[in-house]
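Colleague: Mind looking at a prediction? Sequence and model below.
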Amino acid sequence: MKKSLIAIIAVAVFIFIVVSWGVGKTNKLKVADEAVSAQWAQVENVYQRRMDLIPNLVNTVKGYAAHEQETLTAVVEARAKATSTNINADNMSASQLAQFQQSQEALSSALSRLMVVVEKYPDLKANQNFLELQAQLEGTENRIATERRRFNQAAQNFNTSIRTFPGSFFANMAGLEKRPYFSAQEGASQAPEVKF
């Protein structure tokens, strides 16, 4: 009787340990999933900061370069399109991220064209308000790059956790799927052509 009681207790302890370990592993996966979602929120935060700076920048340029309406309109339209592209971090797909990235790249391109237009207006380049906005925009672009890198790192940590054993077993049980990455802009691997 005593031996069977010891065997039952040993089996119960073993089951408790295995279940506790499984719950702990599942919780770690959920924490990693939340880290990806939190990092995505930070990416959206810095993109929103850029969106908020653009109207002030456009209005400042508009005062000096009124006949550059086409470029100003392109920036405003690209901003509107980028603002309308939203992603839910909990069920983000690679195609949604690519669409988001494409709209943000279109906005970056429009802003680059705007900065080229600015070169034609020395008074604008000397305007203190414009200089401050330009510095804030440059800082925001650096923040975007940093937060995108951090998002990719969080996604990599999560993806590695759910693709390796035993994480893959628990990820399947919890319904966790691989998270997409930000990728380089199309043509980024080619050196720009410089003409004098």
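Modeller: Good, I have the coordinates. Numbers count the residues shown, from 1 in each chain.
Colleague: and Lys30, how many residues sit next to it?
Modeller: If you count neighbours by other Cβ atoms under 10 Å, Lys30 ends up with 14. All C-beta atoms are positioned from the backbone trio N, CA, C, and that covers glycine.
Colleague: Go through stretch 171-180 and flag the buried ones.
Modeller: Of the residues in stretch 171-180, 171, 174, 176, 179-180 count as buried by neighbour count, 16 or more other Cβ atoms under 10 Å.
Colleague: From the opening residue of it to its closing one, how far?
Modeller: 16 Å (Cα to Cα, to the nearest Å).
Colleague: contacts for it?
Modeller: With Cβ atoms under 8 Å, 6 or more residues apart in numbering as the test, stretch 171-180 has contacts from 26, 29-30, 33, 36, 92-94, 96-98, 155, 158-159, 161-163.
Colleague: rerun at 7 Å
Modeller: 26, 29, 33, 36, 92-94, 97, 155, 158-159, 162 (Cβ atoms under 7 Å, 6 or more residues apart in numbering).
Colleague: Can you lay out the buried residues of stretch 171-180 as JSON lines showing secondary structure?
Modeller: JSON lines is the format used below for those (DSSP: H, G, I helix; E, B strand; the rest coil):
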{"residue": "Ala171", "secondary structure": "helix"}
{"residue": "Ala174", "secondary structure": "helix"}
{"residue": "Leu176", "secondary structure": "coil"}
{"residue": "Arg179", "secondary structure": "coil"}
{"residue": "Pro180", "secondary structure": "coil"}
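Colleague: Of all pairs in those, which one is the farthest apart?
Modeller: Greatest spacing in the buried residues of stretch 171-180, by Cβ to Cβ: Ala174 and Pro180 (18.7 Å).
Colleague: Near Asp90, how many other residues are there?
Modeller: Counted with other Cβ under 10 Å, Asp90 comes out at 10.
Colleague: no, scratch that, I was asking about Ile17
Modeller: Neighbours of Ile17 (other Cβ under 10 Å): 10.
Colleague: counting contacts, what elements does the helix or strand where Val11 lies pack onto?
Modeller: Using DSSP states H and E, Val11 maps to helix 2-64. Packing partners of helix 2-64 (3 or more Cβ pairs under 7 Å, 6 or more residues apart in numbering; DSSP states H and E): helix 69-84, helix 94-118, helix 122-126, helix 128-163, helix 167-174.
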